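1. let me see the structure of the following:
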Amino acid sequence: MFRWLAIAISIFASSATAQSVSVETHAGVIDAPVAPGKVVVLDIPAIDTLAALGVAVDGIVGPLYVDYLDQAVEGAEKVGSLFEPDYEKIAALRPDLIIAGGRSQAAIPDLSKLAPTLDMTIWEDTVGQSLARLSAYGAIFGKETEAAELKDVFETKLAAARNASTGKGKAMIVMTNGPKISAYGAAGRFGWIHTELGLAEAIDGMQDTPHGEAISFEFIRDANPDILLVIDRQAAIGQPGEAASVTLDNALVQETNAWKSGKVIYLDSARIYVAGGGYQALIHTFDQIATALAD
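-> Residues are numbered from 1 along each chain as shown. Predicted coordinates:
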């Protein structure tokens, strides 16, 4: 039952003299091994960013929910799910480094018994932390040049989305979960869309909760956003149910400026909800918003 603990001891003994580099993580600045041989990643935004850098990983969680990463992780062993890592399988891989965070963050104390483990959660500052993770992975895997090039592309795409958003009015971010609707403000989980793109809120003072503030169709009508940004949670995690486009297609929402002007933007929900903060996921969201709001 505890075979993985014995393996963990031998892993640390063999890597004790490995070269390390100081990188920024969610837990602060940590020394991480340089050029780790075997890597297990239990965080989808991390898999996304590593794939953008061309870094192959040996163990991943499943399902990923985002098919654009399928080719990048081909051949990697599945080592449990985001919420339930398979410690036996991870130990058997004898990883030199484990990357976790977000939905797998609670498992980090146990994962740390197997190998050096980085908490790469992206939460409080999505854009800033995404770039910090990109830089960290570049340093760890000897991809500093690639990371710098990707950062330049990132900043160009962000600037394009910001420019497209200028002067376009007030926005509201909503998430549908079948027939249920919640909203997020600038202080919430997806608030970076407001703060980074300069999009004013249609309603000030929204609750800062992970699952958003439950709202009604009347709430949306009364807020009267000029732009309605929509995330479909069921579509993001592959669950059947009423699509966001069906949920929001009603007389009350149709009274808003956003509906009348065709500025209801259905974001790629899996990228922003599941892989949110990943380099490729953010680039895609920047592009979606820039295209939808282009003059």
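2. next, the buried residues of stretch 210-221.
-> 212, 213, 215, 217, 219, 220, 221 (16 or more other C-beta atoms under 10 Å). Just so you know, the C-beta spots here come from the backbone N, C-alpha and C atoms, and that holds for glycine as well.
3. contact partners of stretch 139-151?
-> Applying C-beta atoms under 8 Å, 6 or more residues apart in numbering, the external contacts of stretch 139-151 come out as 21, 23, 32-36, 50, 52-55, 97, 131, 134-135, 137-138, 279.
4. need the helices for the stretch 101-250 of the chain, in chain order.
-> Counting by DSSP state H, counting those that start in this stretch, the stretch 101-250 of the chain has helices at residues 108-111, 126-140, 144-165, 192-197, 217-223, 233-236, 244-247.
5. between the ones you listed, which gets nearest to residue 290?
-> Evaluated with C-beta to C-beta, these place helix 144-165 nearest to residue 290, the distance being 4.3 Å.
6. over to the closest residue to residue 204 other than its chain neighbours: give its phi and psi.
-> Spatially, and ignoring its direct neighbours in sequence, residue 204 is nearest to residue 185 (7.4 Å; C-beta to C-beta, 6 or more residues apart in numbering). Dihedral pair for residue 185: phi -100, psi -170, per degrees, to the nearest 10.
7. also the one 3 residues further on?
-> Torsion angles at residue 188 (phi, psi; degrees, to the nearest 10) stand at phi -90, psi -170.
8. if I look at the closest residue in space to it that isn't next to it in sequence, how far off is residue 189?
-> Counting by C-beta to C-beta, 6+ apart, residue 188 lies nearest to residue 208, which is 5.2 Å off, once chain neighbours are set aside. Per C-beta to C-beta, to the nearest Å, residue 208 is found 8 Å from residue 189.
9. do the same with residue 239
-> 19 Å.
10. the two: who's more crowded?
-> Applying other C-beta atoms under 10 Å to residue 239 and residue 189 shows that residue 189 carries more neighbours, namely 20 against 11.
11. and stretch 248-265, what's its mean pLDDT?
-> Across stretch 248-265, pLDDT averages out at 98.
12. for it, measure first residue to last.
-> In stretch 248-265, first residue to last residue: 12 Å (C-alpha to C-alpha, to the nearest Å).
13. what's around the nearest residue to residue 162 once chain neighbours are set aside, how many residues?
-> Residue nearest to residue 162 in three dimensions, not counting chain neighbours: residue 197, with 5.0 Å by C-beta to C-beta, 6+ apart. Around residue 197 there are 22 other residues, counting by other C-beta under 10 Å.
14. and residue 197, how far from residue 157?
-> Computed as C-beta to C-beta, the residue 197 to residue 157 distance reads 11 Å.
15. rewinding a little: just the ones of the contacts of stretch 139-151 in strands?
-> 21, 23, 32, 33, 97 (DSSP state E).
16. and the third one, bridged to which residues?
-> Beta bridges link residue 32 to residue 21, judged by DSSP bridges.
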